[in-house]
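Chemist: What follows is a protein structure lacking sequence information:
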């Protein structure tokens with residue numbers, strides 16, 4: 001926490017937090033939202049197909065979506081770090097801890113889904129995905145919905161805890 005507190009007093013963090021420039025806080029918040037849209041949008045498209053919707057759509061070409069998933073993830077990681085440096089007290093918010101936990105599980109889930117569905121020779125060419133893959137896809141949708149919800153609730157849950 002002391003490292004985050006120190007970082008929040010550096011010139012770039014103060015500028016991002018206090019500047020009236022559109023290139024400061026608004027741009028970082030926009031990038032965080034954009035990254036989230038890319039990450040969760042492409043992940044949801046993969047998950048929905050794995051769950052069995054649009055079975056006429058071949059599964060294999062959807063593997064190309066994973067590069068966009070990771071682009072969205074890294075946009076969010078960088079912009080989220082900037083947002084955290086601006087206000088390190090977020091670390092004490094219980095909703096932040098829930099959000100970060102769900103993100104960690106969501107990233108692990110993406111990795112497992114790709115490995116077990118897209119890199120598994122047994123599932124290549126199949127129209128329908130085995131139950132294990134479908135469970136990973138359903139869990140993915142729940143994890144990312146939970147992370148988004150926890151992120152939004154950070155402004156409302158635990159506010160009195162953070163202000164102390």
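Modeler: That came in fine, so what should we check first? Since this is a predicted model, take the numbers as computed values, not measurements.
Chemist: rest of the way, CA atoms for contacts and neighbours
Modeler: OK.
Chemist: what's the longest helix in the protein?
Modeler: Identified as the longest helix of the chain according to DSSP state H is helix 25-50.
Chemist: tell me what that one is packed against?
Modeler: Where contact means 3 or more C-alpha pairs under 8 Å, 6 or more residues apart in numbering; DSSP states H and E, helix 25-50 is packed against helix 65-86, helix 131-153.
Chemist: To residue 55, which of the ones you listed lies closest?
Modeler: helix 131-153 (13.1 Å; C-alpha to C-alpha).
Chemist: can you list the residues that contact the closest one?
Modeler: 40, 43-44, 46-48, 50-51, 95-96, 98-100, 102-103, 105-106, 109-110, 112-113, 116-117 (C-alpha atoms under 8 Å, 6 or more residues apart in numbering).
Chemist: residues contacting the closest residue to residue 65 other than its chain neighbours?
Modeler: Distances taken as C-alpha to C-alpha, 6 or more residues apart in numbering place residue 42 nearest to residue 65, at 6.1 Å, with adjacent residues excluded. With contact set as C-alpha under 8 Å, 6+ apart, residue 42 has these partners: 65, 66, 68, 69.
Chemist: Residue 9: neighbouring residues, count only.
Modeler: Residue 9 has 14 neighbours, counted by other C-alpha atoms under 10 Å.
Chemist: Likewise for residue 114?
Modeler: If you count neighbours by other C-alpha under 10 Å, residue 114 ends up with 16.
Chemist: what's the answer for residue 32, then?
Modeler: By other C-alpha under 10 Å, 23 other residues sit near residue 32.
Chemist: Name all residues that make contact with it.
Modeler: By C-alpha under 8 Å, 6+ apart, the contact set of residue 32 is 75, 76, 79, 80.
Chemist: if I look at it, how far off is residue 92?
Modeler: To residue 92, residue 32 is 20 Å away according to C-alpha to C-alpha, to the nearest Å.
Chemist: next one: residue 114
Modeler: 33 Å.
Chemist: ditto for residue 57
Modeler: Distance, residue 57 to residue 92, by C-alpha to C-alpha: 45 Å.
Chemist: So for those two, which sits in the more crowded spot?
Modeler: More crowded of residue 57 and residue 92, by other C-alpha under 10 Å: residue 92, with 16 against 12.
Chemist: any idea how far that one is from residue 16?
Modeler: In terms of C-alpha to C-alpha, residue 92 sits 21 Å off from residue 16.
Chemist: where in the protein is pLDDT low?
Modeler: Applying pLDDT under 70 to the chain flags the ranges 1, 124-125, 159-164.
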